Each structure stands twice: as C-alpha cells, then as structure tokens.
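# just coords:
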C-alpha cells in the first residue's frame, strides 16, 4: 500500500506544482494613472481623445473604447462628442508612451474652469492592480471580436442615417406647410 501511494503521490505533486505555477504566470500587473488637463478634441475615426496639460509640450492622446467610462462629477454618463473643447477633466488610463488607453474620464463642470486654471501642473496619482488572465486570445477569437466591432459600427452608422432621413423628412413636411 505504501508503494502505491508513493507511485501515485509523486505525479500528483508534480501536477499540483504545474497548476500552481501556471496560475502564477497568468497574473499580470497593470498600473492605472490619473492625469488632469483640458479636453481638446475627440477624433471619432481613430477613437482617440486629445487632452492638453501644461507639463508636456504636446497634447496627450488616449485611446477610447466602449469599455471607457465617461461621466461628469456627479457620475452621470457624458457622450464624448458632447464635451466642449477646453473643459477640465481627469483621465484614468493605463499604458505608456504612445499607447495610452483611457479607462475612466471625469468631466468637471464648465464653471470649474474659471476656478481651476488649466495651465496648472497636472495632478498625477498611480495605483497598481493585479488582474488574472488565463490565456491569450486565439487568432479566430481576435478575428471574431474585430468582426463584432465592425458590425456594431455599421449598425450605429445605419441608425444615424435612419435618424437623419427622418429629420430630413420632418424638415420637408414643415417647409411644405409654410
């Protein structure tokens, strides 16, 4: 009986060590940084938001996706294309260099622009979070996500065109009445 446990125990121990080491390899560390500045523009085609701070000569460009949360100070959602240029805001982002990805944007009230000058040094804070990933996406999964994104963009464009046509029709009806 002791021989059987030794024969089975060693492989089980090896499998347990492999599983634990795989989980340790799957953890990644992401640094989330917050910067304050003034909203400059949003470039829809490239899904890029541009923010000006006085610490850098060039404005910072952040990638914006559907996962990016954009809210006002009270937490109410804000459409990025409705943010006036020059609005003060804070951006939580991850990444470095030219690959900054905004995770949360908080737009301050436009009245705050007079009390908090945009030319002041940006306030930056960092915090580190650990996330677990089990594996990298396969080529097919990446392709499927890309196709899903294309389909969503196409559906949004169709909806905009449909609303535009409805507004044009209403405009024509109003003009015919007068």
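Sure, I can see it. What you see is a predicted model; the values in this text were computed from it and never measured. Numbers count the residues shown, from 1 in each chain.

# Let me see the contact set for residue 40.
Residues in contact with residue 40 (CB atoms under 8 Å, 6 or more residues apart in numbering) are 50-52, 59, 85-86. Glycine gets a C-beta too; all of them are placed from N, C-alpha and C.

# closest to residue 36 among these?
Checking the contacts of residue 40 against residue 36 by CB to CB gives residue 51 as the nearest, at 8.9 Å.

# what separates the nearest residue to residue 63 once chain neighbours are set aside from residue 109, distance-wise?
The shortest distance from residue 63 to any residue other than its chain neighbours is 4.5 Å, reached at residue 101 (CB to CB, 6 or more residues apart in numbering). Distance, residue 101 to residue 109, by CB to CB, to the nearest Å: 26 Å.

# Where does pLDDT dip in the chain?
For the chain, the stretches flagged by pLDDT under 70 are 1-30, 54, 56, 110-135.

# those helices in it, which residues are they?
2-26, 112-115, 139-177 (DSSP state H).

# sorry, back to before: report the buried members of the contacts of residue 40.
Buried by 16 or more other CB atoms under 10 Å: 50-52, out of the contacts of residue 40.

# Give me the domain ranges for this structure.
29-132, 136-178 (automatic domain parsing).

# Can you say which of the ones you listed is packed in most?
domain 29-132 (a mean of 14; mean count of other CB atoms under 10 Å).

# Which strand residues bridge residue 42?
residue 49 (DSSP bridges).

# show me the residues around it that make contact.
Contacts of residue 42 (CB under 8 Å, 6+ apart): 48-50, 64, 80-81, 83.
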